[in-house]
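K.L.:
Quick one, structure for this:
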Amino acid sequence: MSVILSTIGLLLLLGGISSFTTAENLLIPIILALAGIAVLAVFVKRQTTLDSPILRVGVLKEPRFRTAAILQAVFMTGIVGAVVILPLYIQGTLGHNATTSGLTLLPAALAAAVAGLVSGKAFDRFGVRPVALTGCVLIIIGVINFYLLGSDTPTWRITLAHAFFIVGIQTTQAATNTWGINSLDNSVIQHGNAVSSTLGQVGAGLGTALIISMTALAPQVYPGAPQELMSYLGDHLGFITIAVIMTAAIVFIFFAVNDKKSQSKNKHARGSLQPVESSLSVIDFMNKKPSFVHEDTDMREVLKIFKETETSGLPIVNDADKVSGFISDGDIMKYLGNLDASAAHASFDLYYLIDNEDTQQRLENLLKLKAKDIATKNAIVIGVNTPIEEATQILAEKKIKKLPVVDDEDTLVGTLSRRNVINRIMSEIEGL
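P.N.:
Residues are numbered from 1 along each chain as shown. All right, here's what the predicted structure looks like:
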């Protein structure tokens, strides 16, 4: 039944969108689209009540993931829309053959592969917002050049416009996808990937229908234009539609995507636990004299502290003693195992690994790095007055061993580890 509902809903919605520019009676496509939305609403509602749904839409309750999933759908609309419109423009308006059309668009695909690697590294180092906004700038350059395409534009300009556009989307999409997925509990990440991929495919289908429909409006928008220009004017409307959609996405990113840890005091950054009333807080269990390192501490010194303190991880602070990251023994193992070279192509969920160094070489390179170079950015932190029940839930659900503890000014004041909790419990037991 779920498959039937989703299929009928999408077909009705797609039919309504694709026919609204050609229908003699606008009421018909409106009714089709509304009926499709209603059927899809029933589908979503059904998924929330089934024990084994085909799509766990409940992951969309997490705000960060919901934001990333919406952007996934919008970006796929832009990607597929451009891939559909540009060949029509190159072959129909400019008169080139299919081979020229394909070669014109090829460099963007190659550049996007490189952007996937670079944006992944940049995300780890700078966080989501700087990377996403950098991609937005490239998208803006791309859509402006799309708008400026004329009836006799040389193909090299089309190549550059498309490359800026696709690289911008790849950069932004890779960052926001990772940011959104990281907000989910490990137990539902696979469901998050499924929902994100599904919404991307839906966005690609509906977006293509919308953009192609807009190209058919040229005779109504430009009634006095020469017939030989109608093909170009239709393509131009398609580019304008892409620009409007991407502008809306960029505005959304500007306000909704950030690295702030707004939930860090009462709600941890990767989940959404309800506040718990308790007489015991983190301050009663934490280590009040924590070991930590600064962002520019050499990895040789970091490893020395790991050995001397027998710790599993160290908070990283900046010059103002604010927590800026966390380096764990797992981060070091990942680097030595070359897992930091893995990358994901966000548009197609392709994962690949590059291995061009042996372990000895990587160990030598590790000693040349600073703590911030391999640390986890946007580390989960908790407030000093966080109820201990909530803190232990975070440690258990996220499968992490230690949490940095901060005061009201986000200054590091301690750490809470599983060992701290166990030691306190044993002290209470021995006192009975």
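
K.L.:
Tell me where the stretch 51-200 of the chain has strands.
P.N.:
Per DSSP state E, counting those that start in this stretch, the stretch 51-200 of the chain carries no strands over any range.

K.L.:
Output the below-cut-off pLDDT ranges for it.
P.N.:
186-187 (pLDDT under 70).

K.L.:
what's around residue 291, how many residues?
P.N.:
14 (other C-beta atoms under 10 Å). Bear in mind the C-beta positions are built from the backbone N, C-alpha and C, glycine included.

K.L.:
Sorry, wrong one. I was asking about residue 48.
P.N.:
Residue 48 - counted by other C-beta under 10 Å - has 11 other residues nearby.

K.L.:
for residue 408, same thing?
P.N.:
Neighbours around residue 408, by other C-beta under 10 Å: 10.

K.L.:
heads up, I number from 807, so please use that
P.N.:
Sounds good: first residue 807 from here, last item residue 1214.

K.L.:
So it versus residue 847, what's the distance?
P.N.:
43 Å (C-beta to C-beta, to the nearest Å).

K.L.:
ditto for residue 889
P.N.:
Relative to residue 847, and taking C-beta to C-beta, residue 889 is found at 30 Å.

K.L.:
and if you look at residue 1010?
P.N.:
Distance from residue 1010 to residue 847, by C-beta to C-beta: 21 Å.

K.L.:
same check, this time on residue 929
P.N.:
34 Å.

K.L.:
Comparing those two, which shows the higher neighbour count?
P.N.:
Set residue 929 next to residue 847 and count neighbours by other C-beta under 10 Å: residue 929 wins out with 23 against 12.

K.L.:
residue contacts, that one?
P.N.:
937, 980-981, 984-985, 1183 (C-beta atoms under 8 Å, 6 or more residues apart in numbering).

K.L.:
repeat that for 7 Å
P.N.:
Applying C-beta atoms under 7 Å, 6 or more residues apart in numbering, we find residue 929 in contact with 937, 981, 984.

K.L.:
which of those lies closest to residue 1127?
P.N.:
residue 937 (25.9 Å; C-beta to C-beta).

K.L.:
My guess is the closest one contacts residue 979. True?
P.N.:
No: Residue 937 lies out of contact with residue 979 (C-beta atoms under 7 Å); the separation is 10.4 Å.

K.L.:
And the lengthiest helix in the chain, what's buried?
P.N.:
Taking DSSP state H as the criterion, the chain has its longest helix at helix 904-932. Buried residues in helix 904-932, counting neighbours by 16 or more other C-beta atoms under 10 Å, are found at 907, 910-911, 913-914, 917-918, 921-926, 928-930.
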